[in-house]
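> What would the 3D arrangement of this be:
(one chain, ligands or ions: 2)
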Amino acid sequence: MSPRGTTDPSCLFCKIIKKEINANIVDEGDDFVAFRDINPQAPTHVLVIPKEHIRNIAEADDANHLGSLFRTACTVAQREKLNGGFRLVVNNGDDGGQTVHHLHIHILGGRSMTWPPG
Ligand code: 5GP
Ligand code: ZN
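Ligands and ions are numbered 1, 2, ... in the order given. Predicted coordinates:
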């Protein structure tokens with residue numbers, strides 16, 4: 001990963017981190033922010049993002065940092081009381097369905113998921 005604190009002034013999620021754009025933030029730490037998706041695809045749909053601007057998971061080369069982000073996603077899912085299970089999704093690149101180019105983990109829960117995803 002690039003040095004901690006990297007930010008992109010034109011990036012939507014960097015603007016959410018800097019509180020320049022409003023979001024329904026459910027949790028925040030030194031290295032991450034978790035907030036509700038504006039267009040939820042399940043009763044619970046939260047995005048967990050690193051505060052560092054990293055374009056996608058393929059470019060996330062700090063395994064410890066990435067592992068912490070996934071650990072955080074599980075903690076947020078527990079706080080959201082997704083006791084029946086949940087799904088974590090990371091879309092990578094255009095063919096992966098990524099529309100915002102700042103790494104994010106989707107937490108989806110509150111309903112039974114289907115497979116395969118579209
Ligand atoms: P992607 O398709 O890149 O994996 O996911 C991007 C997600 O960001 C989408 O689920 C979309 O609904 C969400 N999103 C896009 N713009 C905003 C916004 O301004 N606020 C919030 N809270 N979510 C957003
Ligand atoms: Zn960003």
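> C-alpha from now on. contacts and neighbour counts both.
Fine.
> could you point out where this protein is predicted with low confidence?
Across the chain, residues meeting the criterion (pLDDT under 70) sit at 1-5.
> show me what contacts the residue lying closest to residue 110 once chain neighbours are set aside?
Of all residues not flanking residue 110 in the chain, residue 43 sits nearest, at 5.1 Å (Cα to Cα, 6 or more residues apart in numbering). Neighbouring residues of residue 43 by Cα atoms under 8 Å, 6 or more residues apart in numbering: 108, 109, 110, 111.
> Take those residues and keep only those in strands.
Members of the contacts of residue 43 lying in strands (criterion: DSSP state E): 108, 109.
> Any of the contacts of residue 43 buried? List them.
Among the contacts of residue 43, those classed as buried by 16 or more other Cα atoms under 10 Å are 108, 109, 110.
> filter those by proximity to ligand 1?
The subset of those within reach of ligand 1, by Cα under 6 Å from any ligand atom, is empty.
> Distance to residue 116 for those - can I get that in CSV?
Converted to CSV, these look like this (distance: Cα to Cα, whole Å):
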residue, distance to residue 116
108, 15
109, 16
110, 18
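> Thanks a lot, catch you later.
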